[in-house]
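J.: Build me a model:
(4 chains)
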Number of protein chains: 2
Amino acid sequence: MPKLIDHQTHKELLAEAVWAVIVDDGVGAVSIRAVASRANVAVGSLRYLFPTRAELVAFAGELVLRRAAERIATVPLGTDRVTYALDVLRELLPLTPGTRAEMMVNLALIAETPAIPVLASIRDRTLGAIYHLCRRLVTLAHPDMPDQAADLAATRLAALTDGLALRLLAAPDSATAPAQALVLLRAELTCPRPAT
Amino acid sequence: MPKLIDHQTHKELLAEAVWAVIVDDGVGAVSIRAVASRANVAVGSLRYLFPTRAELVAFAGELVLRRAAERIATVPLGTDRVTYALDVLRELLPLTPGTRAEMMVNLALIAETPAIPVLASIRDRTLGAIYHLCRRLVTLAHPDMPDQAADLAATRLAALTDGLALRLLAAPDSATAPAQALVLLRAELTCPRPAT
DNA sequence: GTCAAGCTAGCACAGTTGGGCTAGATTGGC
DNA sequence: GCCAATCTAGCCCAACTGTGCTAGCTTGAC
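T.: Prediction:
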């Protein structure tokens, strides 16, 4: 039969080219041709894997979610629960070029949602995954907290993380900003507050 | 001399058409022609006010910032400071079609920043304005808080607000979400926490 | 009335877009 | 060797893009 190329690997390569274009030139520049050129692939080849632009963009978005989940799953659970939780949350902040790119891609896809409705589901799953992760971290840090309070604390932790991520994305060179963000997250984890 | 049309009003009309296109069809659909058609204006007329696309988009972004600032400036300072602060913060949440549109436009412009570098300044001024607003609300609610603690509290309040706004934008129909967001913001305002 | 500034409308052009389509290259099974 | 499934490459087209440019319309000053 045929060449038996590894589809998955190939598709991920294209998706990473999508990320690169978004980071360098913005969502508006994500065209089939630009991505193919970025990945050193002929347009026809790209279109064999992704017949339409929407499928390409959607896959790129899915991959962000999947990669982040994998990365977080491998964070070692050390002795200190709060340290572990902070290590996990750090993966959600745009502190490295890789996580910055993820963040930009996520924002870009939200901005494109009206044009490509499938992206709404990716956006919702991403935000949902962050929430559930935070919910897990809250019960890890405070096993005795009642469910309702933990739900609220998880929402607060998730919103705080997202908000800090947004601000770090805009002002990454503020030398104190990353440290300040981690201070705030640590406080959020160690010092639970009344529900109302 | 000429017709003496009110330029400002006219430009704002075009900017609002930009918002409408972003909300309905995404940033990718913001072309000179699409915006002109949306505003029922000939392309040539639009280009008399905004010679290039970048100027149009930048103005639309500036207007979001200006309109929000004006709206917040008119929030009545009632008897209760916390109520006032909540009323102000509510203006930053996408709870109405208008504020939802503002939020979507802001996100869209962030996503387009690599393509139109001027947008970076708008983004930074927007985030900066939110921070300074929060800083003001913090000292209003806690006049005795030391400066350093107030700075940190303001960062936390700003990040929490932005994060909640992002989540409300994605899931606006969750009946409990808006109420929950306000509960969290009220708690943030009334119950200050240790700096670290 | 006349004039010129301010404004509107739109044509033209080169470049890019998404996607339909086909011709050829590559490869495992027989 | 040979076939057929799989993959690559690319041509093509109608539609759309931003922007340069000009021709005409409107209107206040004189």
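
J.: which of the residues in stretch A:117-128 are buried?
T.: Neighbour-count burial for stretch A:117-128, with 16 or more other CB atoms under 10 Å in any protein chain shown as criterion, is recorded at A:118-119, A:122-123, A:126-127. (C-beta placed from N, C-alpha, C; glycine too.)

J.: surely A:A17 meets A:R33?
T.: No. Counting by CB atoms under 8 Å, A:A17 does not reach A:R33; the two are 11.4 Å apart.

J.: and the two? which has more neighbours close in?
T.: Neighbours per residue, other CB atoms under 10 Å in any protein chain shown: of A:A17 and A:R33, the larger number sits with A:A17, 22 against 9.

J.: just to revisit the earlier point, from the buried residues of stretch A:117-128, pick the one nearest A:D25.
T.: A:L119 (18.7 Å; CB to CB).

J.: and the closest one, what does it touch?
T.: A:L119 makes contact with A:57-58, A:61, A:109-110, A:112-113 under the criterion CB atoms under 8 Å, 6 or more residues apart in numbering or on different chains.

J.: Check A:E16 too.
T.: By CB under 8 Å, 6+ apart, A:E16 lies in contact with A:39, A:63.

J.: follow-up on the earlier one: would you report which members of the contacts of A:L119 are assigned to helices?
T.: Judged by DSSP state H, the subset of the contacts of A:L119 located in helices is A:57-58, A:61, A:109-110, A:112.

J.: what stretches of chain A score poorly on pLDDT?
T.: Regions of chain A meeting the criterion pLDDT under 70 cover residues A:1-6, A:175, A:192, A:194-196.

J.: Looking at it, what residue ends up closest to DNA strand D?
T.: Proximity to DNA strand D, evaluated over chain A using CB to the nearest atom of the strand, is greatest for A:G44 at 2.0 Å.

J.: ok so, going back, could you dump the ones in helices among the contacts of A:L119 into JSON lines and include neighbour count and distance to chain B?
T.: Converted to JSON lines, the ones in helices among the contacts of A:L119 look like this (neighbours: other CB atoms under 10 Å in any protein chain shown; distance: CB to the nearest CB, whole Å):
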{"residue": "A:V57", "neighbour count": "26", "distance to chain B": "10"}
{"residue": "A:A58", "neighbour count": "20", "distance to chain B": "14"}
{"residue": "A:G61", "neighbour count": "27", "distance to chain B": "13"}
{"residue": "A:L109", "neighbour count": "27", "distance to chain B": "8"}
{"residue": "A:I110", "neighbour count": "26", "distance to chain B": "6"}
{"residue": "A:E112", "neighbour count": "25", "distance to chain B": "5"}
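
J.: just curious, which of the residues you listed is nearest to DNA strand C?
T.: Looking across those and measuring by CB to the nearest atom of the strand, the closest to DNA strand C is A:V57, at 8.9 Å.
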